[in-house]
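[1] Only the shape, not the letters, is given here:
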């Protein structure tokens with residue numbers, strides 16, 4: 001969970017033609033599947049699509065969807081500074097787990113578009129409780145990767161993959177032992 005402080009401020013809303021003022025507010029935020037699901041329901045597009053950057057309005061709305069704090073004045077979101085936005089983006093990009101999964105035999109990353117419904121499907125087929133939708137997304141993805149690895153079993157490497165792996169291991173051992181052969 002991330003806590004950010006939104007400073008007090010006074011703003012003019014051009015669309016409405018009114019001035020608003022807000023008090024300093026601390027927001028508790030969680031980047032989770034639940035947050036993404038709310039955002040996708042409103043914007044009708046995949047949140048995790050890196051090829052289509054979000055507008056400022058969409059980004060602010062995602063912060064609304066991440067908010068755990070109760071009874072927040074809706075005008076507070078107009079007071080979000082670039083500094084707060086940077087904190088939120090850094091938090092979204094964090095790995096919130098100690099688990100490290102190495103590249104599986106040089107496979108190229110999957111290029112399909114992932115939506116919240118697809119993630120819910122993965123949770124359902126793996127019997128992951130839906131309460132995990134509130135976890136930081138990187139932690140949920142790590143759990144899903146572990147299920148994929150454990151259920152897929154150890155796929156056999158091709159002869160060329162084994163030879164390549166052995167060459168790399170031997171080179172590393174030679175370097176560590178300062179040996180030529």
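    It's in. For clarity, every value in this text was computed on a predicted model and none was experimentally measured. Numbers count the residues shown, from 1 in each chain.
[2] longest helix in this protein, by residue count?
    helix 159-177 (DSSP state H).
[3] Show the low-confidence segments of this structure, by residue range.
    Applying pLDDT under 70 to the chain flags residues 101-111, 153-157, 181.
[4] one more time with 80
    The chain contains residues with pLDDT under 80 at 97-112, 152-158, 161-162, 165, 169, 171-181.
[5] what are the ranges of the helices in this protein?
    Secondary structure of the chain (DSSP H): helices located at 33-43, 56-66, 82-93, 116-125, 137-152, 159-177.
[6] Touching the first one from outside, list them.
    The set of residues external to helix 33-43 that reach it, using CB atoms under 8 Å, 6 or more residues apart in numbering, is 46-48, 58, 61-62, 65-66, 115-116, 119-120, 123, 132-135, 137, 140. (Glycine included, C-beta is placed from N, CA and C.)
[7] Which positions in it come out as buried?
    For helix 33-43, burial by neighbour count (16 or more other CB atoms under 10 Å) applies to 33, 34, 35, 36, 37, 38, 39, 40, 43.
[8] Turn these into TSV, columns for distance to residue 80.
    What follows is the buried residues of helix 33-43, written out as TSV (distance: CB to CB, whole Å):
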residue	distance to residue 80
33	23
34	21
35	16
36	19
37	22
38	18
39	16
40	21
43	18
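[9] Same list (the helices of the chain) but as TSV, adding distance to residue 26.
    Listed next are the helices of the chain as TSV, based on distance: least, CB to CB, whole Å:
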stretch	distance to residue 26
helix 33-43	18
helix 56-66	13
helix 82-93	11
helix 116-125	27
helix 137-152	22
helix 159-177	49
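[10] Can you give me every residue that contacts residue 172?
    Listed by CB under 8 Å, 6+ apart, the contact set of residue 172 is empty.
[11] So which of the helices of the chain is nearest residue 2?
    helix 82-93 (4.4 Å; CB to CB).
[12] roughly how far is the closest one from the heart of the chain?
    Centroid separation for helix 82-93 versus its chain: 12 Å, with CA atoms, centre = their mean, to the nearest Å.
[13] picking that back up, looking at the helices of the chain, spot the one closest to residue 5.
    Closest approach to residue 5 among these is made by helix 82-93 (7.8 Å; CB to CB).
[14] quick one: that closest one to helix 137-152, angle?
    Relative orientation of helix 82-93 versus helix 137-152 (axes from the mean of the first three to the mean of the last three CA atoms, to 10 degrees): 10 degrees.
[15] same for helix 82-93, what does it pack against?
    Packing partners of helix 82-93 (3 or more CB pairs under 8 Å, 6 or more residues apart in numbering; DSSP states H and E): strand 2-6, helix 56-66.
[16] okay, the angle between it and strand 2-6?
    For helix 82-93 against strand 2-6, the angle by the same axes, to 10 degrees is 170 degrees.
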